[in-house]
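[1] Fold the following.
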Amino acid sequence: MNIWIKDQKTGLEWGNISTSPMDWNKAEVWCRKQGGRQPKVWELLSLLLEGPTEITDVMQNKVFWTGSSYLNHPYEHLTSLAYTIWFNVKDHYGWVYHNYKEDFCYYTRPVKLY
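    Numbers count the residues shown, from 1 in each chain. As a prediction, the model looks like this:
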């Protein structure tokens, strides 16, 4: 069962974290099955910087996919990249990367706006 927690600052509702890492395409499908979508880069960053602990504590030292990708990049080989964010919630910092969607497996967390 998916439990949604609302971030009062942003109005975004966050679902459960995936139980295991997966590639980007599987993460897209998984988030839709949970009733949400993959978050945009800025949405995940808002959690890292000011997210409530009841949402962020379980994200410590994990890497998450975002729904943000290089879809319209003029170099075709870069269209298969998506942004990922590594979370160090305790110290409020992380790393934003871009990785190939099919070559790497990371966690995901669905989001929806209400």
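
[2] make it CA atoms for all contacts and neighbour counts henceforth
    Fine.

[3] So which bits of the one helix or strand S46 maps to are buried?
    Taking DSSP states H and E as the criterion, S46 maps to helix 41-50. For helix 41-50, the neighbour count (16 or more other C-alpha atoms under 10 Å) marks V41, L44, L45, L47, L48, L49 as buried.

[4] again with stretch 2-19
    Neighbour-count burial for stretch 2-19, counted by 16+ other C-alpha under 10 Å, picks out W4, K6, D7, L12, E13, W14, G15, N16, I17, S18.

[5] Among the residues you listed, which pair sits farthest apart?
    Pairwise distances across the buried residues of stretch 2-19 peak at 18.8 Å for D7 and S18 (criterion: C-alpha to C-alpha).

[6] Give me the distance between the two termini of stretch 18-34.
    10 Å (C-alpha to C-alpha, to the nearest Å).

[7] What are the contacting residues of it?
    2, 15, 37-38, 65, 67, 82, 101-111 (C-alpha atoms under 8 Å, 6 or more residues apart in numbering).

[8] please redo it, this time with the cut-off set to 6 Å
    Stretch 18-34 has contacts (C-alpha atoms under 6 Å, 6 or more residues apart in numbering) with R37, K101, E102, F104, C105, Y106, Y107, T108, P110.
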